[in-house]
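Q: with the input below, show me the fold.
(one chain, ligands or ions: 1)
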Amino acid sequence: MIRVRGLRTQFGPQVVHDQLDLDVWRGEVLGIVGGSGTGKSVLLRTIVGLNRPAAGSIHVLGADVLHGSRQDRADTERRWGVAFQDGALFSSLTVLQNVMAPMREHLNLSHGLMKALGELKISLVGLPPFSCGKLPSELSGGMRKRAALARALALDPEIVFLDEPTAGLDPISAAAYDDLIGELKRALGLTVFMVTHDLDSLYAICDRIAVLAEQKLLVEGPIEEMAKVDHPWVQAYFTGPRARAAQDKT
Ligand SMILES: Nc1ncnc2c1ncn2[C@@H]1O[C@H](COP(=O)(O)OP(=O)(O)OP(=O)(O)O)[C@@H](O)[C@H]1O
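A: Predicted coordinates:
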């Protein structure tokens with residue numbers, strides 16, 4: 001679904017990624033982990049075209065997203081959805097209007113049909129019907145994250161990109177969000193690219209983990225393999241007390 005080769009990203013003299021390779025397979029939930037500032041969010045933003053890399057190639061759903069034509073890019077963009085950490089919802093639009101926004105941009109449907117589809121997505125992510133008419137500022141943090149997910153699902157994407165989807169949620173809401181992602185994956189066959197620090201999410205729903213360190217994808221594999229990796233950060237992360245607690249829950 002996604003193939004990244006030889007990626008180099010930098011901001012001025014600061015090199016964030018160098019010679020980074022990554023593959024994401026159809027139908028998997030891939031968890032991207034790494035220390036703070038290792039470039040997880042930059043990787044997500046680069047794949048979805050919000051940051052231009054200095055070198056390398058990125059293919060999503062078979063399309064060359066860096067060098068393809070504008071039309072190819074627009075066609076591919078319709079097939080993915082992104083939910084940013086803070087939701088990045090339009091603050092002056094209601095939740096329903098936010099979810100309808102990508103439909104207005106990409107689909108030629110009647111208002112009534114888009115409204116019905118928007119309401120469907122909002123109920124799919126577990127938000128109550130009354131949230132449709134609320135502004136993002138009138139929602140709780142957890143509800144905003146679900147609203148952002150509803151908007152990411154607006155065009156029935158094949159891939160969803162999630163940036164720290166459970167950050168800032170209480171443990172019960174975070175677990176409920178994990179369940180939701182797992183269910184959407186099963187029901188819709190979604191491929192999920194998820195940047196996270198949440199060990200519970202990694203153990204609960206990720207099929208595979210990719211660790212960013214030293215400007216590249218240091219190691220990838222199922223979570224059970226991570227504790228065997230001989231690298232100080234990976235060891236500290238996957239064998240520490242929090243990892244053990246998360247593992248015990250599964
Ligand atoms: N637009 C930008 N301009 C300049 N530097 C940037 C920009 N975006 C990110 N960076 C830098 O790139 C590096 C990686 O940032 P990124 O947000 O990807 O880290 P991260 O791994 O997601 O961290 P965290 O886990 O703390 O969220 C950081 O040093 C950051 O300062």
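Q: is the ligand contacted by the helix or strand Leu44 falls within?
A: Using DSSP states H and E, Leu44 falls within helix 40-47. Yes: against the ligand, helix 40-47 shows contacts by Cβ under 6 Å from any ligand atom at 40-42. (C-beta placed from N, C-alpha, C; glycine too.)
Q: where does the spatially most central residue of the chain fall, helix, sheet strand or coil?
A: Nearest residue to the geometric centre of the chain (Cα atoms, centre = their mean): Leu162, 1.8 Å. Three-state assignment for Leu162 (DSSP: H, G, I helix; E, B strand; the rest coil): strand.
Q: show the pLDDT at it.
A: Note on Leu162: pLDDT of 94.
Q: please tell me I have it right and it contacts Asp198.
A: No: between Leu162 and Asp198 there is no contact under Cβ atoms under 8 Å: 10.8 Å.
Q: give me the nearest residue to Leu199, chain neighbours excluded.
A: Ala246 (3.8 Å; Cβ to Cβ, 6 or more residues apart in numbering).
Q: if I look at that neighbour, how far off is Met226?
A: Distance, Ala246 to Met226, using Cβ to Cβ, to the nearest Å: 12 Å.
Q: repeat for Pro136
A: Using Cβ to Cβ, which is the criterion applied here, Pro136 is 36 Å from Met226.
Q: what is the mean pLDDT for the lengthiest helix in the chain?
A: Across the chain, the longest stretch assigned as helix under DSSP state H is helix 171-188. Average pLDDT, helix 171-188: 87.
Q: stretch 166-183: how far from the chain's middle?
A: Relative to its chain's centre, stretch 166-183 lies at 14 Å (Cα atoms, centre = their mean, to the nearest Å).
Q: what's the answer for stretch 48-62, then?
A: 16 Å.
Q: show me what counts as buried in that stretch.
A: By neighbour count on 16 or more other Cβ atoms under 10 Å, the buried set for stretch 48-62 is 48-49, 53, 56, 58-60.
Q: now stretch 19-30
A: 20, 22-24, 28-30.
Q: what is the burial count for Ala88?
A: The number of residues packed near Ala88 is 15, by other Cβ atoms under 10 Å.
Q: max pairwise distance over the buried residues of stretch 48-62: which two?
A: Val48 and Gly56 (14.9 Å; Cβ to Cβ).
Q: who are the contact partners of Pro53?
A: Pro53 makes contact with 7-9, 17, 46, 66, according to Cβ atoms under 8 Å, 6 or more residues apart in numbering.
Q: check contacts around Lys40.
A: 32-34, 163, 195, 212.
Q: hmm, I was thinking of Phe11
A: By Cβ under 8 Å, 6+ apart, Phe11 has no neighbours at all.
Q: that one pairs with what?
A: Gln14 (DSSP bridges).
Q: just to revisit the earlier point, what's the distance between the residue nearest to Leu199 and Ala174?
A: In terms of Cβ to Cβ, Ala246 sits 11 Å off from Ala174.
Q: between those two, which contacts overlap?
A: Contacts common to Ala246 and Ala174, judged by Cβ under 8 Å, 6+ apart, are Asp200.
Q: what about the spatially closest residue to Asp178 that is not a sequence neighbour, how many residues close to it?
A: Of all residues not flanking Asp178 in the chain, Ala204 sits nearest, at 4.6 Å (Cβ to Cβ, 6+ apart). Ala204 has 20 neighbours, counted by other Cβ under 10 Å.
Q: is it true that Gly34 touches Ile209?
A: No: contact criterion Cβ under 8 Å: Gly34 and Ile209 do not qualify, at 10.2 Å.
Q: one step back: now the two most distant members of the contacts of Pro53.
A: His17 and Leu66 (14.1 Å).
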